[in-house]
Each structure stands twice: as structure tokens, then as C-alpha cells.
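K.L.:
next input, structure requested:
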Amino acid sequence: MLTKELTFVSEDDAEFILIKKELYIQDQKTILGFLNQTYHRIQINDILYFEAVKDCVYAYTNKHQYLVKEKLYQIESKFPDSFLRVNKSYVVNIQKIRRIKPIINRKFILMMTDDAKIDITRTYYLIFKEYLDI
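P.N.:
Next up is the predicted model:
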């Protein structure tokens, strides 16, 4: 377990800016996300899914979309009990799946709690079925 250290720097206007250091607290309940030029500590249970778009990874909650520094494979290995890879661009929070709709050609469509629809591709189909024992 790494230790995370956050430093607060005061500016002339008396606002505090969160600055991330190389070594930081690596608890298993939060992840650091960037939104509106500010770093936010996001509770893992609040995240619905992660999406990779080009070189960026975003964490989606019910209210916001945060930029995170972790890659999808890192998120998978960091939170294996909560998150599962379902295609090359998405890692979903298993607890935030509202419905699973089977479709032809060994695929599923997930309906998330925010009404987002995410495809489970054939590559991840059997892994998903085994994980959920369906």
C-alpha cells in the first residue's frame, strides 16, 4: 500500500489548490479525479463506470464526469471485487448495473443506473458470464 500525500498551497486570493505529489495515499475506497481545474477525491462506490477515450480515462458518477490518471487495466487490477472490464473502452461497477439484456452473437447490453447503455463484446462475454455466474 502506497502512502499519498496531499499538499495545499495558499495563493494571494486565499484559495487553496490541491497539488498531487508522486507518492500518494492509495486507499482502496477512493480515486483522484480532475474536474473544473480541481482535483477531487471520488468514492469508488459512487463511480458507475470508467471510459477510455483516446489517451484519456474518465470516471462517471451520477453527477459528474472526472478525468483520472489511471489506465483501465490499472483500475481492473486495483478494484477487482467492484469493477469488471466489459469491452476495450469500459470498466463497469458491477453494483451499478440496472439490467442485462442478452442479444444475438454472444453479446450483452448493460443498462447502468444512469441509463447509459454499454455493450459487452464477444471478447469479454464469457468472462462476464463467469464473473456473475449466469
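K.L.:
as a whole number, average confidence for the helix or strand harbouring Asp119?
P.N.:
Using DSSP states H and E, Asp119 sits within strand 117-120. The predicted model gives strand 117-120 an average pLDDT of 96.
K.L.:
likewise for stretch 32-43?
P.N.:
On average, stretch 32-43 scores 94.
K.L.:
buried set for it?
P.N.:
In terms of neighbour count (16 or more other C-beta atoms under 10 Å), stretch 32-43 has its buried residues at 32-35, 39-40, 42. Just so you know, the C-beta spots here come from the backbone N, C-alpha and C atoms, and that holds for glycine as well.
K.L.:
distance between the ends of it?
P.N.:
9 Å (C-alpha to C-alpha, to the nearest Å).
K.L.:
next one: stretch 63-75
P.N.:
So stretch 63-75: terminal residues 20 Å apart, C-alpha to C-alpha.
K.L.:
and Phe128, what element?
P.N.:
Short version, using DSSP H and E: Phe128 is in helix 122-132.
K.L.:
just the CA trace of that helix, in CSV.
P.N.:
The C-alpha coordinates for helix 122-132 follow below in CSV (Å, rounded to 0.1, in the frame of the first residue of the first chain):
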residue,chain,number,x,y,z
ARG,A,122,-17.7,-11.1,-27.5
THR,A,123,-14.2,-10.9,-26.2
TYR,A,124,-15.5,-10.3,-22.7
TYR,A,125,-18.8,-12.2,-22.9
LEU,A,126,-17.6,-15.4,-21.3
ILE,A,127,-15.6,-13.6,-18.6
PHE,A,128,-18.7,-11.5,-17.7
LYS,A,129,-20.9,-14.6,-17.6
GLU,A,130,-18.5,-16.5,-15.4
TYR,A,131,-18.0,-13.5,-13.1
LEU,A,132,-21.7,-13.2,-12.5
